[in-house]
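Participant: sequence and predicted structure are below.
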Amino acid sequence: MTARTRLLDREVAQALSALSAAAKKGLGDPVLAELVMIRASQLNHCAFCLDMHLASARENGEAEQRLDLLAAWEEAGDLFDGRERAALALTEAVTELTGGFVPDAVYEEAAAHFDDGRLAHLIGLITVINSWNRLMVGRRIPPGGWTP
């Protein structure tokens with residue numbers, strides 16, 4: 001049993017875990033998946049998920065400098081490539097939805113970097129990390145309870 005299933009209803013945790021696994025698999029890039037989950041978790045102030053996904057990104061070989069500058073990815077020059085920048089912009093747009101929709105330019109840029117299937121998986125991943133964030137923040141789950 002993982003920390004998540006102890007903190008949440010087992011059926012809810014299993015359903016979100018299955019969606020997360022499917023989205024990550026379909027995206028096909030574990031490092032990009034971690035960057036997306038970290039960025040959404042930063043925006044949602046989810047310390048539990050940040051702790052978990054930062055550790056996972058490091059385990060997948062992500063550079064400390066990129067993790068340090070992820071919150072300022074737009075100003076980080078060429079530290080993030082076009083595909084990553086498109087995914088991060090889409091992550092922010094889907095996470096915040098301040099205008100009630102994802103701006104066309106953000107969606108079109110993501111669609112230029114991801115085929116239809118991978119784009120669907122990317123949006124699925126953004127959706128599921130936002131769900132995890134809201135559950136953990138809503139339950140007031142502190143960092144440190146996650147173990148691989």
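Facilitator: That came through, no problem.
Participant: so residue 31: helix, strand or coil?
Facilitator: What DSSP: H, G, I helix; E, B strand; the rest coil gives for residue 31 is helix.
Participant: residues near it, how many?
Facilitator: Neighbour count for residue 31, taken as other C-beta atoms under 10 Å: 15. Every C-beta, even on glycine, is put in place using the N, C-alpha and C of the backbone.
Participant: tell me which helix or strand in the protein has the weakest average pLDDT.
Facilitator: Within the chain, no helix or strand scores below helix 3-7, which has a mean of 50 by mean pLDDT, DSSP states H and E.
Participant: after that helix, next one along is what?
Facilitator: helix 10-27 (DSSP states H and E).
Participant: can you tell me what sits against the longest helix seen in the chain?
Facilitator: Using DSSP state H, we find that the single longest helix of the chain is helix 116-139. Here helix 116-139 makes contact (C-beta atoms under 8 Å, 6 or more residues apart in numbering) with 4, 7-8, 12, 16, 19-20, 22-28, 33, 36-37, 40-41, 44-46, 48-49, 87, 90-91, 94-95, 110-111, 114.
Participant: make a PyMOL selection of whichever of those turn out to be buried.
Facilitator: In PyMOL, this line selects whichever of the contacts of helix 116-139 come out buried by 16 or more other C-beta atoms under 10 Å:
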select buried, resi 4+8+16+19+20+23+24+26+27+33+36+37+40+41+44+46+48+49+87+90+91+94+95+110+114
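Participant: residue 19: what's its closest spatial neighbour, skipping adjacent residues?
Facilitator: residue 128 (4.7 Å; C-beta to C-beta, 6 or more residues apart in numbering).
Participant: that'll do, ta.
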